[in-house]
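[1] Here is a sequence with its predicted model. Questions after.
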Amino acid sequence: MWYFRAVALDLDGTLTEDDHLADVAMDCIKASRHELRMILVTGRTFDHLQAAFPGLGSEFDALVTENGAVLHTGASARLLASPIGPPVRHALADRGVATTTGRVLVALAGRDAATAADVITGLGLDHQVVHNRGAAMILPAGVTKGTGLVAALDELGLSAHNTIAVGDAENDLALLQAAEVGAAVANAVPSLAGHADLRLDSRDGAGVAELLTGPLLAGQQRMCPRRRWLQIGAFDDGQPVLVPGSQGSMLIAGETGAGKSYLAGLLAERWIEAGYAVLIIDPEGDHVGLAQRPGVHLVDAAAYLPSPADLLAIARPGRASLVLDLSGLTTAEKSGYLRRLPASIAAERAEHGIPHWVIIDEAHAWLQDDAAQPPHSGIAEPGTCMVTWRPDVMPAAFRDSVDFTFAAAAMISAEHNAPMAGPRATVSVGRQPPRPFTAAARVSPHVRHQHKYAVTDLSPHRRFYFRAQDGEPETAATLEEFSRHVRHCDPAVLGYHLSRGDFSRWVTGTLADFRLGTDLAAIERDLSFRQAAELERARHRIIHTIDSRYPGTGQP
């Protein structure tokens with residue numbers, strides 16, 4: 001499977017036992033480097049590492065030394081924090097504490113940790129004392145193996161969400177927490193093992209080999225730790241509705257206007273907030289409001305449509321999320337582009353592990369075109385969310401293998417662009433019976449696609465055609481043009497369309513704006529009632545006028 005792209009390993013007690021590298025682990029590391037990026041994260045200084053294990057750095061794509069304070073890639077080194085200053089070392093020496101220094105940290109014996117903490121407090125410095133089994137080190141506040149790992153991944157163009165980290169000691173906790181999955185070897189201290197997502201059965205290097213040759217990295221097993229699951233609503237009994245942050249598959253179904261796009265946008269929001277990269281394929285412009293969220297780029301295909309490879313490269317530098325708004329394209333243009341997109345997504349995932357999620361709205365239209373189907377579309381692909389009002393056209397294998405199936409029910413009204421209570425829906429996990437729930441409030445505005453139609457041309461068969469007075473009929477390709485024609489058209493034309501209910505029918509049927517359609521229908525009905533009343537008044541006036549001039553002619 002494409003998901004995990006990097007493995008971060010502690011050194012002492014993880015790759016080594018009694019200061020000896022485990023050959024079985026090193027063999028597996030060498031064998032894995034054609035598929036995975038390998039990162040060594042250690043509390044040792046670089047000089048100490050080189051002296052103890054010459055050439056070890058060449059076995060890894062990046063080294064993080066000094067417990068996250070220094071990053072080494074290739075022949076270069078970069079400090080990730082300011083060095084601990086001489087006053088700390090001098091104060092410790094005055095109290096008889098032996099220390100060694102790196103480019104940033106100050107190392108000491110674990111028994112002297114309390115003295116070090118007292119010195120830091122006395123000097124009024126923003127430093128921390130970190131424990132590593134029987135040793136300790138002084139580092140700038142906030143510097144951990146976790147922050148060092150994130151810096152290394154940034155350098156390599158990868159995400160922590162595509163990373164597994166392995167450790168054994170107290171100072172490895174931040175490392176395990178930073179990665180998508182944190183694993184502890186069997187000899188890990190209890191405090192680390194208790195927080196690990198995965199406990200390996202073997203010790204030291206044998207544990208690393210167990211992971212590197214096991215089903216998780218072979219793509220035979222999926223794992224999203226519970227701490228990575230996200231709440232999207234509440235069941236009727238108050239229990240949270242949780243979905244995995246990664247590696248799941250989703251199907252969202254429901255009638256037009258029931259809340260499918262709302263639910264898809266809610267999932268996207270939650271994943272984006274948690275740091276996952278999401279690609280939203282948006283044929284109707286329903287999700288442009290997500291571009292208001294930090295780290296989300298809007299690609300308006302009507303203005304500029306990059307090649308699929310260039311599209312995905314936009315997200316790469318910061319593992320950003322993308323909304324691909326295709327509403328300005330013709331059906332043929334959309335289909336042609338979507339035929340080329342799956343191969344680029346697969347290549348990007350294989351190389352960089354992103355996008356973590358692909359949300360495909362109006363998925364039925366894509367899947368009805370065989371040439372546009374994503375690879376292996378018969379089976380629910382991890383990291384895919386399909387949104388459709390036609391679940392019946394989805395492959396049966398997909399419906400049977402999808403992890404979560406949502407059925408949207410009906411929206412709860414809210415003020416325009418205000419935070420909303422979400423739609424009612426049901427969720428089925430695997431083959432379990434559906435359970436009803438209420439979706440959480442959205443953060444970004446839920447912009448239905450009719451807002452896009454205000455400025456984007458509709459295809460000819462979807463435009464509004466005003467009744468011709470003389471010559472060719474006037475047409476409105478956008479809501480903006482429609483509004484302008486209504487302002488200036490002949491009263492007879494206006495009356496003709498109002499009397500037939502043409503305006504509300506077009507807005508509801510073509511733009512799917514049920515709120516605007518309801519308002520226009522009320523105006524049409526009001527005019528109809530007024531016209532009927534005026535006709536009756538006119539009838540009575542005519543009869544009265546005739547009776548006044550010719551008495552008795554109005555008798556039945």
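    Yep, that arrived. Treat the numbers as computed from the prediction; the structure is a model and nothing was measured. Residues are numbered from 1 along each chain as shown.
[2] Burial check on the nearest residue to Ile523 once chain neighbours are set aside, number of neighbours?
    Spatial nearest neighbour of Ile523, chain neighbours left out: Leu498 (7.3 Å); criterion: C-beta to C-beta, 6 or more residues apart in numbering. Just so you know, the C-beta spots here come from the backbone N, C-alpha and C atoms, and that holds for glycine as well. A count of nearby residues for Leu498, using other C-beta atoms under 10 Å, gives 20.
[3] ok, the nearest residue to Gly102 once chain neighbours are set aside - contacts?
    Leaving aside its sequence neighbours, Gly102 sits nearest to Thr45 (C-beta to C-beta, 6+ apart; 3.7 Å). The contact partners of Thr45, by C-beta atoms under 8 Å, 6 or more residues apart in numbering, come to 65-66, 70, 100, 102-103, 105, 107.
[4] Among the residues you listed, which are located in strands?
    Secondary structure defined by DSSP state E assigns 65, 70, 100, 107 of those to strands.
[5] where do the strands sit along the stretch 1-150 of the chain?
    6-9, 16-17, 20-21, 37-41, 62-65, 70-73, 76-79, 100-101, 106-109, 127-132, 135-140 (DSSP state E, counting those that start in this stretch).
[6] coming back round to it: from Glu170, how far out is the residue nearest to Ile523?
    As judged by C-beta to C-beta, to the nearest Å, Leu498 and Glu170 stand 76 Å apart.
[7] what does Arg549 give?
    Relative to Glu170, and taking C-beta to C-beta, Arg549 is found at 109 Å.
[8] Compare those two and say which one has the larger neighbour count.
    Glu170 (16 against 8).
[9] Contacts only, for the more buried one.
    130-133, 189, 191-192.
[10] Likewise for Phe53?
    Leu21.
[11] circling back: from the ones in strands among the contacts of Thr45, which two are the most distant?
    Val70 and Thr100 (14.7 Å; C-beta to C-beta).
[12] Settle it for me: which of the two has more neighbours?
    Counted by other C-beta under 10 Å, Val70 and Thr100 do not tie: Val70 has more neighbours, with 24 against 13.
[13] Any idea what that one is bridged to?
    When assigned by DSSP bridges, Val70 has beta-bridge partners Thr65, Leu79.
[14] Isn't it up against Leu80?
    Yes. Taking C-beta atoms under 8 Å as the definition, Val70 is a contact partner of Leu80 at 6.4 Å.
[15] shared neighbours of the two, anything?
    Common neighbours of Val70 and Leu80 (C-beta under 8 Å, 6+ apart) are 104, 148.
[16] still on that earlier bit, can you lay out the strands of the stretch 1-150 of the chain as JSON lines showing distance to Ala409 and mean pLDDT?
    As requested, these are exported to JSON lines (distance: least, C-beta to C-beta, whole Å; pLDDT from 0 to 100):
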{"stretch": "strand 6-9", "distance to Ala409": "41", "mean pLDDT": "98"}
{"stretch": "strand 16-17", "distance to Ala409": "57", "mean pLDDT": "91"}
{"stretch": "strand 20-21", "distance to Ala409": "59", "mean pLDDT": "95"}
{"stretch": "strand 37-41", "distance to Ala409": "44", "mean pLDDT": "98"}
{"stretch": "strand 62-65", "distance to Ala409": "49", "mean pLDDT": "98"}
{"stretch": "strand 70-73", "distance to Ala409": "50", "mean pLDDT": "97"}
{"stretch": "strand 76-79", "distance to Ala409": "53", "mean pLDDT": "95"}
{"stretch": "strand 100-101", "distance to Ala409": "64", "mean pLDDT": "94"}
{"stretch": "strand 106-109", "distance to Ala409": "60", "mean pLDDT": "95"}
{"stretch": "strand 127-132", "distance to Ala409": "51", "mean pLDDT": "93"}
{"stretch": "strand 135-140", "distance to Ala409": "52", "mean pLDDT": "95"}
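[17] In JSON lines, list these along with distance to Ala343.
    Output for the strands of the stretch 1-150 of the chain, formatted as JSON lines (distance: least, C-beta to C-beta, whole Å):
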{"stretch": "strand 6-9", "distance to Ala343": "23"}
{"stretch": "strand 16-17", "distance to Ala343": "43"}
{"stretch": "strand 20-21", "distance to Ala343": "41"}
{"stretch": "strand 37-41", "distance to Ala343": "23"}
{"stretch": "strand 62-65", "distance to Ala343": "29"}
{"stretch": "strand 70-73", "distance to Ala343": "30"}
{"stretch": "strand 76-79", "distance to Ala343": "35"}
{"stretch": "strand 100-101", "distance to Ala343": "52"}
{"stretch": "strand 106-109", "distance to Ala343": "50"}
{"stretch": "strand 127-132", "distance to Ala343": "46"}
{"stretch": "strand 135-140", "distance to Ala343": "45"}
